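[1] One predicted model, sequence on top.
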Amino acid sequence: AVQPLQRMILTVDQIMENPLKPLKMVRSASTGAGGKKGRRTSTHESSQVEQALYKFASLLQVGYGEAGAKIINHHMKNGCLDACLPGRITHAIFGFCDIRDFTPVTEVLQGDVVQLVNSVAKHVHQAVVDNYGAPNKNIGDAFLLVWKPKGDMLLSEVADAALRSTIRITQELGDSQALQRMTQLEEVQLRLPGYAVKLGFGLHYGWAIEGAIGSTHKIDASYLSPHVNIASRLESSTKHFGVSILVSHDFYALLSELVQGSMRVVDKVTLKGSAKPMCLYTYDVPSR
């Protein structure tokens with residue numbers, strides 16, 4: 001049972017140093033051959049504890065995400081939960097997206113709407129992670145997404161990647177057979193003729209306070225800032241302007257010249273939470 005214990009200690013050390021590092025699942029010890037019965041039982045029990053630790057750590061990573069890495073690191077090193085830790089200022093691209101017509105769809109699908117939301121989340125999360133971002137919050141029918149430079153990445157590369165995420169999500173949702181099967185149900189089409197899953201996206205760049213929000217009863221690792229709210233208001237405004245993607249000038253200014261050339265000016269407005277008028281831009285996603 002020494003080896004499983006050593007691996008468990010190593011796993012805890014790895015989580016402490018890098019809470020987001022992928023963990024390797026360990027198979028249960030075989031009880032079929034060799035050794036004494038007592039030793040086999042001991043090894044098997046140690047492996048069960050090891051696998052439980054792996055599952056717990058994996059849930060911790062999924063639950064806290066990228067924003068919670070430093071929170072996990074601090075609490076594991078200090079051995080106690082401190083919900084009053086000060087946050088830290090960070091600059092990032094914030095994306096907010098929302099499933100259109102979610103309320104009537106929920107009324108029709110009832111409990112099955114969870115399958116629809118999770119199917120959408122799978123596409124949203126994977127596209128964001130593949131493009132150097134991180135899902136931060138799942139808020140019912142909405143998602144808060146964050147992109148920050150990693151390593152030697154330029155801000156223009158991160159901005160291009162964030163926009164690329166929204167384009168990919170839009171196209172993948174349109175191609176998803178699983179979503180089509182749910183939305184083409186007779187009861188859905190009777191309530192919302194022609195309905196298909198569509199999302200609205202808002203993208204903005206600015207500062208935010210990253211930290212643990214909550215109490216010892218429940219903590220979320222997230223961001224507090226008027227800039228996060230602006231991303232949400234941009235998404236809400238997509239309905240008014242009849243577009244699926246709406247980005248602020250602060251985000252637009254980060255894009256590479258090549259990508260800027262593919263954007264279209266929508267309007268110049270003063271959003272709630274913003275002190276001055278800003279130009280809004282969109283990207284017209286081609287249908288496939």
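    Here it is on my side, so go on. Numbering: from 1, shown residues only.

[2] all helices in the stretch 51-200 of the chain, in order from the N-terminus.
    Secondary structure of the stretch 51-200 of the chain (DSSP state H, counting those that start in this stretch): helices at 69-78, 102-109, 113-130, 155-175, 177-183, 186-191.

[3] Need the winner for burial among those helices.
    Of all the helices of the stretch 51-200 of the chain, helix 155-175 has the most neighbours on average by mean count of other CB atoms under 10 Å, namely a mean of 20. No exception for glycine: its C-beta is placed from N, CA and C like everyone else's.

[4] for that one, packing partners?
    Contact here means 3 or more CB pairs under 8 Å, 6 or more residues apart in numbering; DSSP states H and E; on that basis helix 155-175 packs against strand 88-99, helix 113-130, strand 133-139, strand 142-147, strand 199-214, strand 245-248, helix 257-260.

[5] next helix or strand past the last one?
    Okay, so that is helix 257-260. Tracing the chain past helix 257-260, the next element assigned as helix or strand by DSSP states H and E is strand 264-269.

[6] buried residues in that following strand?
    Buried residues in strand 264-269, counted by 16 or more other CB atoms under 10 Å: residue 266.

[7] Direction included, what does it pair against?
    Strand 264-269 has the following sheet partners, assigned by DSSP bridges: strand 278-282 (antiparallel).

[8] For residue 207, list the residues it contacts.
    By CB atoms under 8 Å, 6 or more residues apart in numbering, the contact set of residue 207 is 89, 90, 91, 225, 227.

[9] beta partners of it?
    Once the bridges are assigned, which here means DSSP bridges, residue 207 pairs with residue 91.

[10] rewinding a little: make CSV from the helices and strands packed on helix 155-175 and add distance to residue 232 and mean pLDDT to it.
    CSV is the format used below for those (distance: least, CB to CB, whole Å; pLDDT from 0 to 100):
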stretch, distance to residue 232, mean pLDDT
strand 88-99, 4, 95
helix 113-130, 15, 96
strand 133-139, 10, 91
strand 142-147, 8, 96
strand 199-214, 6, 91
strand 245-248, 11, 97
helix 257-260, 23, 96
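
[11] So for this protein, the centremost residue is which one?
    Computing the C-alpha centroid of the chain and ranking residues by CA atoms, centre = their mean puts residue 135 first, at 1.2 Å.

[12] For residue 121, give me its contacts.
    Residue 121 neighbours (CB under 8 Å, 6+ apart): 135, 138, 143.

[13] now swap in residue 104 and tell me
    Residues in contact with residue 104, defined by CB under 8 Å, 6+ apart, are 191, 192.

[14] how close does it get to residue 139?
    Distance, residue 104 to residue 139, using CB to CB, to the nearest Å: 19 Å.

[15] Likewise for residue 121?
    Counting by CB to CB, the separation of residue 121 from residue 139 is 11 Å.

[16] lowest confidence element among the helices and strands of the chain?
    Among the helical and strand segments of the chain, the one scoring lowest on mean pLDDT, DSSP states H and E is helix 69-78, with a mean of 60.

[17] And the helices of the stretch 51-200 of the chain: which comes nearest residue 45?
    helix 69-78 (24.3 Å; CB to CB).

[18] ok, of the contacts of residue 207, which come out buried?
    When neighbours are counted using 16+ other CB under 10 Å, those contain these buried positions: 225, 227.

[19] Of the contacts of residue 207, just say which sits nearest to residue 255.
    So of the contacts of residue 207, ranked by how close each gets to residue 255 (CB to CB), first place is residue 91, at 16.0 Å.

[20] ok, the closest one touching residue 206?
    Yes. Contact between residue 91 and residue 206 holds when scored by CB atoms under 8 Å: they sit 7.0 Å apart.

[21] Of the helices and strands packed on helix 155-175, give the one that comes closest to residue 167.
    Between residue 167 and the helices and strands packed on helix 155-175, the tightest spacing by CB to CB is seen for strand 245-248, at 7.7 Å.

[22] which residues are contacting the closest one?
    Against strand 245-248 from outside (CB under 8 Å, 6+ apart): 163, 166-167, 170, 200-205, 230, 234-235, 237-238, 263, 266, 278, 280-283, 285.
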